[in-house]
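S.K.: got a predicted model here, sequence first, then my questions.
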Amino acid sequence: MSRLVCKNGKAPEFERAGSVGKSPYGYPMDVYKVKCGWSAEQLVYMDLYHPRFIEQEPIPGFKLRD
């Protein structure tokens, strides 16, 4: 989440909203509330426990910070 950048070039606000069951890989899936400025809040589902995986693509509507 710390690598996300909003369209305005700033970091989004985010907070963990909880765990929502298992991912397709069988690991716990977490959900985060993500918001850029005045835009509507988005829910982002993440499998943070998937071993050795580093996300290379941003969530639609965002960029990734290097």
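M.R.: Cool, got the structure.

S.K.: what's near enough to touch Lys22?
M.R.: By Cβ atoms under 8 Å, 6 or more residues apart in numbering, the residues touching Lys22 are Pro28, Met29. Where C-beta positions appear, they are placed from N, C-alpha and C, glycine not excepted.

S.K.: that one bridge partners, please.
M.R.: Pro28 (DSSP bridges).

S.K.: quick one: it from Phe14, how far?
M.R.: 22 Å (Cβ to Cβ, to the nearest Å).

S.K.: does Phe14 touch Met1 like I think?
M.R.: Yes: counting by Cβ atoms under 8 Å, Met1 is a contact partner of Phe14 at 5.1 Å.

S.K.: more neighbours, those two?
M.R.: It is Phe14, of Phe14 and Met1, that has more neighbours when counted by other Cβ atoms under 10 Å, with 17 against 14.

S.K.: tell me which element that one falls in.
M.R.: strand 13-22 (DSSP states H and E).

S.K.: tell me the mean pLDDT over that strand?
M.R.: Mean per-residue pLDDT for strand 13-22: 94.

S.K.: cool, and stretch 55-66?
M.R.: 85.

S.K.: tell me the buried residues in it?
M.R.: Ile59, Phe62 (16 or more other Cβ atoms under 10 Å).

S.K.: centre of the chain to that stretch, how far?
M.R.: 9 Å (Cα atoms, centre = their mean, to the nearest Å).

S.K.: would you mind writing the CA trace of it as PDB?
M.R.: Output of stretch 55-66 as PDB, limited to C-alpha atoms (Å, rounded to 0.1, in the frame of the first residue of the first chain):
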ATOM      1  CA  GLU A  55       3.300  -7.000  -7.000                       C
ATOM      2  CA  GLN A  56       4.400  -5.500 -10.300                       C
ATOM      3  CA  GLU A  57       1.200  -3.800 -11.400                       C
ATOM      4  CA  PRO A  58      -0.800  -1.100  -9.600                       C
ATOM      5  CA  ILE A  59      -4.400  -1.300  -8.700                       C
ATOM      6  CA  PRO A  60      -6.500   0.300 -11.500                       C
ATOM      7  CA  GLY A  61      -6.500   4.100 -11.200                       C
ATOM      8  CA  PHE A  62      -3.200   4.200  -9.300                       C
ATOM      9  CA  LYS A  63       0.500   4.200 -10.100                       C
ATOM     10  CA  LEU A  64       3.300   2.500  -8.200                       C
ATOM     11  CA  ARG A  65       6.100   4.400  -6.500                       C
ATOM     12  CA  ASP A  66       9.600   3.100  -7.200                       C
END
